[in-house]
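**Q** Model the structure of this input:
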Amino acid sequence: MKAPQIRRLASRVLKTGEKNIWFDQEKIDEVKESMTKEDVRQLINQSVIKKRTRFGQSTGRSKKLALKKKKGRRRGFGKRGGTQKTRMQKKKNWMKRVRSQRQFLSELKKKKKLNPKTYQSLYKRISGGFFKGKKNIEQAAK
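**A** Numbers count the residues shown, from 1 in each chain. Model (predicted):
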């Protein structure tokens, strides 16, 4: 048999593409003498025919980029897609705001600038998203 036909047989046996098949050039005569799949299997066991290892995609460049991004580079206006609202999750934004407002409210309570009843009403308003920020709470507390 000719080498291309043997290559095809070997690719089917090894379950890989024809380009990935390697023949030992010193024993090429044995390869040409083989006729069946069984012969090819024997040659594979003898390491006359081998499956080449194909290299994948290099991750060097991506690692370099990741390092730059970790440092805080490459985050300018040109790289941004979407508005500020879409880039920041709504729930996280809300949690951040509410937690800081509640903390501020508890500080006012500790300083005794609020009586318990107004504290409770303000606390409920915070839960409802009534206040934009701490300054609004301070104005409502007066």
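**Q** Tell me how far W94 lies from I137.
**A** Here the distance between W94 and I137 works out to 16 Å (Cβ to Cβ, to the nearest Å). Yep, even glycine has a C-beta here, placed from its N, CA and C like the rest.
**Q** Revised request: answer the last question for L9.
**A** L9 sits 79 Å away from I137 when distances are taken as Cβ to Cβ.
**Q** which of the residues in stretch 83-90 are buried?
**A** By neighbour count with 16 or more other Cβ atoms under 10 Å, stretch 83-90 contains no buried residues.
**Q** I'd like the average pLDDT over that stretch.
**A** Regarding stretch 83-90, the rounded mean pLDDT is 87.
**Q** give me every residue that touches the nearest residue to S11 once chain neighbours are set aside.
**A** Across the structure, with Cβ to Cβ, 6 or more residues apart in numbering as the measure, the residue nearest S11 apart from its sequence neighbours is E18 (4.6 Å). With contacts taken as Cβ atoms under 8 Å, 6 or more residues apart in numbering, E18 has the following neighbours: R7, R8, S11.
**Q** Show me the contact partners of the helix or strand where the first one lies.
**A** What that stands for is R7. With secondary structure defined by DSSP states H and E, R7 is part of helix 3-14. Residues from elsewhere that reach helix 3-14, judged by Cβ under 8 Å, 6+ apart: 17-18, 20-21, 23, 28, 31-32, 34, 37, 40-41, 43-44, 49, 51.
**Q** Can I get the buried part of these as one PyMOL selection?
**A** With 16+ other Cβ under 10 Å as the criterion, this PyMOL line picks the buried residues out of the contacts of helix 3-14:
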select buried, resi 20+21+23+31+34+40+41+43+44+49+51
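**Q** Tell me which of the contacts of helix 3-14 fall in helices.
**A** Cross-referencing those with the helices (criterion: DSSP state H) gives I28, V31, K32, K37, V40, R41, L43, I44 as the overlap.
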